[in-house]
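J.: this is a predicted model, with the sequence first.
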Amino acid sequence: MRKTSRFVAAIVAVTVAIAGFAAPASAEKKTEFKLAWSIYVGWMPWGWAADHGIVKKWADKYGIKIDVVQFNDYIESINQYTAGAYDAVTATNMDTLAIPAVGGVDTTALIVGDFSNGNDAVILKDKSKLSDIIGQKVNLVELSVSHYLLARALESIGKSEKDVTVVNTSDADMVAAWNTPDVSAVVTWNPLVAEIMATPKAHKVFDSSQIPGEIIDLTVVNTKTLHDNPNFGRALTGAWYETMAIMASDTPEGKEAREAMGKASETDLAGYEMQLASTKMFYQPAQGVEFAMSGSLHKTMDSVRKFLFAHGLLGQGAPSADVVGIAFPDGKVLGDKNNVKLRFTAAFMNEAAQAGK
C-alpha cells in the first residue's frame with residue numbers, strides 16, 4: 001500500500017489530467033454511443049446495469065444515449081470495436097494491446113474493473129507440482145491470457161514454453177478434452193476451472209493469484225471519441241460505480257443483483273460468488289485510481305508486451321516490443337512515444353470518486 005501522502009499527490013495529478021479530455025472547438029460531438037460486452041464474472045455488471053435502467057439514468061443525465069450490447073463471442077466483440085462499430089468494449093489488458101492498439105485504434109482504458117486473483121489456473125492430472133508439467137502437452141486457448149499465465153508459471157520455475165508443447169484448444173472443448181485419457185495438463189479460467197477441479201485426478205499447481213494484478217479486466221473506449229465526448233466517459237463511470245455499490249452491498253438488492261448476474265452467466269448465486277472470490281474487484285473508484293496509478297502497472301504491461309512480441313502479436317515485422325506506445329496516468333510511456341495506442345487513465349474514475357465523497 002502506498003503512503004497516504006503519495007496517494008494524495010496521485011489524486012491531484014489525475015484531477016488535473018481530466019482537463020486533457022476537454023473537447024476542442026473542432027470536436028466530433030456525438031449523442032449516441034455503443035458499448036459491447038461479453039460474459040465474464042467481472043463484466044456481468046454491464047448487462048445488469050443496462051437491464052435495470054442504471055445506464056439509461058446516467059446517459060440521460062448527460063443528454064446522451066448508450067446502447068449496451070452483449071456478445072457471445074468475446075474476441076468478436078473486440079474485433080467489432082476495432083472496426084469502429086462500437087465506441088467501447090470490455091477486454092483484458094493483453095487483448096486491448098494485441099487487437100485494437102496493434103490495429104492502430106488509439107484506445108483508452110477508462111475503467112479498471114478488476115484483476116484475476118485465482119480465476120485462471122494451471123491444472124495437472126495425477127500430478128501435484130508445477131515442475132511436473134515439464135515435457136507435457138498443455139491444452140489451452142492459444143495466445144489468450146491462459147497462454148500468458150502458462151508463460152509466467154514456467155518463468156517462476158526457471159523454465160519456458162520450449163519445455164512443454166502447447167495444444168490449442170477451444171474453451172468450449174476444454175472440459176471434454178480434460179476428461180479424455182490423452183490430456184494431462186490444461187490452463188483455463190472459471191467456471192471451467194471449478195468444473196475440472198471437481199474431478200478426482202485434478203490438481204491446481206499455479207493460478208493467477210500468484211501473479212496478482214497482471215490479468216486485468218477493463219472497459220476501454222476509443223480515445224478520440226472520449227476526447228471529443230468526455231460526458232460519455234462520465235456516464236459510463238457513473239453507471240459502473242453505482243452498480244458496484246449495489247453489487248457489493250450486503251442487502252437484499254445486492255444479493256438479487258449478484259444472483260441475476262450469476263444466472264445470466266449460466267450459474268447460480270453460489271457459483272457467481274465463488275468466481276467473485278477469486279477476482280479482485282475494485283468496487284470503489286478510488287481503488288481503481290490507486291491501481292491505475294501504481295508502478296506495478298508499468299511492470300505488468302512491460303511483461304505483457306514482451307509476451308506479445310515473442311509470439312508475433314505486435315504486428316507483422318514489428319522490430320521490437322517498443323513498436324506500440326503505452327501511456328500511463330503518471331505521464332510515463334512504454335515503447336514508442338510517437339505511436340501511443342493504449343492509454344491508461346485514472347481521470348474519470350477519480351472524478352467518480354470525488355463525486356461520491
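T.: Received, thanks.
J.: now for residue 201, how many residues are close by?
T.: Using other C-beta atoms under 10 Å, residue 201 has 12 other residues around it. Placement of C-beta: from N, CA and C, glycine included.
J.: shouldn't residue 221 be in contact with residue 233?
T.: Yes: in this structure residue 221 lies within contact range of residue 233 using C-beta atoms under 8 Å: 6.4 Å.
J.: where do the contact lists of the two overlap?
T.: Common neighbours of residue 221 and residue 233 (criterion: C-beta atoms under 8 Å, 6 or more residues apart in numbering): residue 110.
J.: all helices for the stretch 1-150 of the chain, in order.
T.: 4-17, 44-51, 54-61, 74-82, 93-96, 145-156 (DSSP state H, counting those that start in this stretch).
J.: tell me which of these is the most buried.
T.: Compared across those, helix 93-96 shows the largest average neighbour count, a mean of 25 (mean count of other C-beta atoms under 10 Å).
J.: so where is the stretch 1-150 of the chain shaky, pLDDT-wise?
T.: Within the stretch 1-150 of the chain, the ranges that satisfy pLDDT under 70 run 1-27.
J.: cool, and the stretch 251-357 of the chain?
T.: Checking the stretch 251-357 of the chain against pLDDT under 70 turns up 357.
J.: quick one, helices of the stretch 201-350 of the chain?
T.: 223-228, 230-248, 252-264, 269-277, 285-293, 296-310, 347-355.
J.: same list (those helices) but as CSV, adding mean neighbour count and distance to residue 33.
T.: Putting the helices of the stretch 201-350 of the chain into CSV (neighbours: other C-beta atoms under 10 Å; distance: least, C-beta to C-beta, whole Å) gives the following:
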stretch, mean neighbour count, distance to residue 33
helix 223-228, 20, 7
helix 230-248, 22, 5
helix 252-264, 16, 22
helix 269-277, 18, 28
helix 285-293, 23, 20
helix 296-310, 18, 26
helix 347-355, 23, 14
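J.: so for residue 194, which of those sits nearest?
T.: When the helices of the stretch 201-350 of the chain are compared by C-beta to C-beta, helix 269-277 sits nearest residue 194, at 6.5 Å.
J.: packing partners for the closest one?
T.: Where contact means 3 or more C-beta pairs under 8 Å, 6 or more residues apart in numbering; DSSP states H and E, helix 269-277 is packed against helix 192-197, helix 252-264.
J.: all set, thanks.
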